[in-house]
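Visitor: Have a look at this fold, sequence not included:
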């Protein structure tokens, strides 16, 4: 489902998004993890978040489908970078936390549900997943060729029905940190429990 948008605009996209202030989201996500926990950053984009996690002493891995964005991440990040989309990624180990900031919004709803259905491939017991997506947009393709899925509370509920091991830990809304109007961000944290 990847359009060529990120390949063609990698440098500009990385420059525009690297300095976005995600401190509120970090403050909700990181306290749920142990120091030094393993984090998978899904759709790392500019590498902003994975760099932050690494600086805070976490074992962070960047997962990014765009080859050109992987090159941008390498300029700022010294850890492991996997150039793949989440649908085709087969991890060799499990993580304690998954960070999917504004990345699952480019998937079809069925692909998102499929990811959560098999989340145990990626997550340790008691692991957490942070996802964010735009709320208040219409699902579909936009002018630049990218597909966007609207994140709604119905989607949050559907995710819980496809995997009984997931619990909803937190759900909150934030304004766009770049000041864009017309939508808000839905932020969701799930926890998985295998018992």
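Guide: That came in fine, so what should we check first? Computed from a predicted model, the values in this text were never measured in an experiment.
Visitor: quick one: the helices in this structure?
Guide: For the chain, the helices defined by DSSP state H cover 5-8, 10-17, 23-29, 48-55, 67-76, 109-117, 153-162.
Visitor: ok, and which of those helices has the densest surroundings?
Guide: helix 48-55 (a mean of 21; mean count of other CB atoms under 10 Å). Using the backbone N, CA and C atoms, a C-beta is placed for each residue, glycine as well.
Visitor: what helices or strands is it leaning on?
Guide: strand 38-42, strand 59-63, strand 95-101 (3 or more CB pairs under 8 Å, 6 or more residues apart in numbering; DSSP states H and E).
Visitor: Any regions of this structure where pLDDT drops low?
Guide: By pLDDT under 70, the low-scoring segments of the chain are 1-3.
Visitor: Select the longest strand from it.
Guide: strand 123-135 (DSSP state E).
Visitor: quick one: strands adjacent to that one?
Guide: strand 95-101 (parallel), strand 184-192 (antiparallel) (DSSP bridges).
Visitor: How about residues contacting stretch 10-25?
Guide: 6, 45-49, 52, 66, 68-69, 71-73, 76, 101, 130, 132, 174, 177-178, 187 (CB atoms under 8 Å, 6 or more residues apart in numbering).
Visitor: again with stretch 184-195
Guide: Contacts for stretch 184-195 (CB under 8 Å, 6+ apart): 25, 28-29, 32, 102, 116, 119-120, 123, 125-136, 151-153, 156, 159-160, 163, 165-176.
Visitor: Identify the residue spatially nearest to the spatially most central residue of the chain, adjacent ones excluded.
Guide: Nearest to the geometric centre of the chain sits residue 100, at 1.0 Å (CA atoms, centre = their mean). The spatially closest residue to residue 100, leaving aside those adjacent along the chain, is residue 42, at 4.1 Å (CB to CB, 6 or more residues apart in numbering).
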